[in-house]
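K.L.:
show me how the following folds:
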Amino acid sequence: MTTRHLPSTITMQCFEAAARHMSFTRAAAELSITQSAVSKQVAQLEAYLQHKLFRRVRRSLVLTPEGSLYLTEVRKILAQIEMSANTIMTYGGQSEVLRVASLPTFGARWLARQLPDFLDANPRIDLSVRDHVETFDLDQEDIDVAIFHGHGSWPNLECHKLFDEEVVAVGSPAYLARQRPSSAADLAECRLLHLSTRPDAWHRWFADQGITTDRSYHGTRFETFQMLIRTAMSGGGLALVPRFFVDAELAEGRLSLAWSHVLQGPDAYYLVHPEHLGDLSRVRRFVDHVLARAEADAPDGASR
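P.N.:
I've put the predicted structure just below:
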């Protein structure tokens, strides 16, 4: 096996502290070592990377472009090391961490409402929840369970269907009052808002009604439904969204249906986890809870 000579943790700490204070002296005081030791560690790091990380300007330190780029990565590494150490130090068999990833809008508008009861019923399980816009490798990202949107068949994953999807066109009442569409085809003349991961959504919505338009791919694009919905509510245009994401806004009159047509999506929402984690207690408890809530709390416009 080839030996890799990587920068040590203390070397990275010296660099990060020097970059934060823009001073070897203040970095040394923080780390309780000498100024010459900090300078030596940074010099060794520069030699290893074959790039200057600092330059002196009027007796002050300034990061080079390479130093600024490396600082971002070093801070991520040190934060991960600290988080990992804290996890082990606080682990005494009394609590476990369940790592969950969710599509941002699904997480904010449905999953978050299901978490308090889970935490109450499982006081020894702590959740670490993060957002992911697209599918990813759970093992590589060190995630236990995730919410995916798609066909429901991913390699090495156990998939549990939560909801089908019914997509509707919505806009603010004020925007629709100005546009006054009298047919589905009229919507093509409106400002269309798009989700970047579903660039053909409007094309499919029009085509499902036998409408041909060269404007279905034009318009502003957003990474998340959350931003898309907020922009539509503010009068920015029309959005195609899963009905159960906007039930509350439709009921309260903050959004209105732009047209009555409902597009039945070919994909669905799934709770997934690596197959080899299926018998892990914390994973099984979470899966059972979410599936039960999906069964009992199926949003309007979605079915299992």
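K.L.:
quick one: whichever strand or helix holds I88 to chain centroid distance?
P.N.:
Take DSSP states H and E as the rule and I88 turns out to sit in helix 65-89. On the basis of C-alpha atoms, centre = their mean, to the nearest Å, helix 65-89 sits 20 Å off its chain's mean C-alpha point.
K.L.:
flag every buried residue along it.
P.N.:
By neighbour count on 16 or more other C-beta atoms under 10 Å, the buried set for helix 65-89 is 67, 70-71, 74. For the C-beta atoms, the positions are set from N, CA and C on the backbone; glycine is no exception.
K.L.:
any stretches of the stretch 51-200 of the chain with poor pLDDT?
P.N.:
Applying pLDDT under 70 to the stretch 51-200 of the chain flags the ranges 87, 89-95.
K.L.:
could you pull out the strands for it?
P.N.:
Ranges of strands in the stretch 51-200 of the chain, per DSSP state E, counting those that start in this stretch, are 54-57, 60-63, 96-102, 125-131, 145-150, 157-163, 166-171, 192-195.
K.L.:
contacts only, for E66.
P.N.:
49, 51-53 (C-beta atoms under 8 Å, 6 or more residues apart in numbering).
K.L.:
at 7 Å instead, please
P.N.:
Counting by C-beta atoms under 7 Å, 6 or more residues apart in numbering, E66 makes contact with 51-53.
K.L.:
can you put these in TSV and add distance to T9 and neighbour count?
P.N.:
Formatted as TSV, these follow (distance: C-beta to C-beta, whole Å; neighbours: other C-beta atoms under 10 Å):
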residue	distance to T9	neighbour count
H51	20	14
K52	22	13
L53	17	23
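K.L.:
what is the nearest of those residues to Q41?
P.N.:
Nearest to Q41 among the contacts of E66: L53, at 11.1 Å, using C-beta to C-beta.
K.L.:
quick check: that closest one vs I10, distance?
P.N.:
16 Å (C-beta to C-beta, to the nearest Å).
K.L.:
now do M233
P.N.:
From M233 to I10 the distance is 51 Å (C-beta to C-beta).
K.L.:
look up how far F15 lies from the spatially closest residue to L49 that is not a sequence neighbour.
P.N.:
Leaving aside its sequence neighbours, L49 sits nearest to Y70 (C-beta to C-beta, 6 or more residues apart in numbering; 7.0 Å). Using C-beta to C-beta, Y70 is found at 8 Å from F15.
K.L.:
out of the strands of the stretch 51-200 of the chain, deepest packed?
P.N.:
Ranked by mean neighbour count, those are led by strand 166-171 with a mean of 24 (mean count of other C-beta atoms under 10 Å).
K.L.:
output the contacting helices and strands for that strand.
P.N.:
Packing partners of strand 166-171 (3 or more C-beta pairs under 7 Å, 6 or more residues apart in numbering; DSSP states H and E): strand 238-242, strand 256-257.
K.L.:
quick one: it to strand 238-242, angle?
P.N.:
150 degrees (axes from the mean of the first three to the mean of the last three C-alpha atoms, to 10 degrees).
K.L.:
switch to numbering from 50
P.N.:
That works, and once the first residue is 50, the last one we named lands at strand 215-220.
K.L.:
could you list the paired strands of strand 215-220 along with their orientation?
P.N.:
Each strand paired with strand 215-220, and its direction, by DSSP bridges: strand 287-291 (antiparallel), strand 305-306 (antiparallel), strand 312-313 (antiparallel).
K.L.:
how far does it sit from its chain's centre?
P.N.:
In terms of C-alpha atoms, centre = their mean, the centre of strand 215-220 is found 23 Å from the chain centre.
K.L.:
thanks again, I'm all set now.
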